[in-house]
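>>> here is a sequence together with a model predicted from it:
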Amino acid sequence: MKVLAILNVTLLLFSCQHNSMNPETLDKSFQTGIQLQIDLQQGFAGKFVRVELNGEEQFRGTISDLVPFAGPEASFTSTTFQKRNLITVYWRCPNSSDCGNLQHTQEISLGNSEKYYVGMVVSGNSIILQVLDTPFFYL
């Protein structure tokens, strides 16, 4: 019984560690993470696409050939805790003679907003990436 009581006290002491960083001095967005709304806007239709954020896969799939009337061809959200992030996009056509395995990597820098909007457009063999702190305007 005494062993159990000592174990409980030990667990209580270890769980009550003091954090020397004052939460009020930390940027709120980095306490909860920064949300990224990522839109594959144009040029991905009919292609297999994989998107990584800081080396971790965030999206994988084949984008439909049916292009939407308005809005992105695909959209997903992710969360980061870093101001500087590396986005890597891999894409390929179903028919390898149309396009091979392509890759585009770009670093993005984020400010102090809680949410950012990342738009991606295929341009030849690369991606044009745009980062905004306001939503994209779609008809």
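Sure, I can see it.
>>> using PDB, write out every CA atom in stretch 118-126.
Below are the C-alpha coordinates for stretch 118-126, written out as PDB (Å, rounded to 0.1, in the frame of the first residue of the first chain):
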ATOM      1  CA  VAL A 118      -2.100  28.500 -50.400                       C
ATOM      2  CA  GLY A 119      -3.100  28.400 -54.000                       C
ATOM      3  CA  MET A 120      -1.200  26.200 -56.500                       C
ATOM      4  CA  VAL A 121      -1.400  26.300 -60.300                       C
ATOM      5  CA  VAL A 122       0.500  24.100 -62.800                       C
ATOM      6  CA  SER A 123       2.500  26.100 -65.200                       C
ATOM      7  CA  GLY A 124       4.400  23.900 -67.700                       C
ATOM      8  CA  ASN A 125       6.700  21.700 -65.600                       C
ATOM      9  CA  SER A 126       6.500  23.700 -62.400                       C
END
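>>> residues contacting it, please?
Stretch 118-126 has contacts (Cβ atoms under 8 Å, 6 or more residues apart in numbering) with 36-44, 47, 72, 87, 89, 91, 99, 102, 104, 108, 127-132, 136. Bear in mind the C-beta positions are built from the backbone N, C-alpha and C, glycine included.
>>> mind listing what's buried in that stretch?
118-122 (16 or more other Cβ atoms under 10 Å).
>>> before we move on, back to that, in ChimeraX, how would I select just the buried ones from the contacts of stretch 118-126?
Selection of buried members from those for ChimeraX, criterion 16+ other Cβ under 10 Å:
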select :36,37,38,39,40,41,43,44,47,72,87,89,91,102,104,108,127,129,131
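>>> in strands, which of the contacts of stretch 118-126 appear?
In strands, defined here by DSSP state E, the members of the contacts of stretch 118-126 are 36-42, 87, 89, 91, 102, 104, 108, 127-132.
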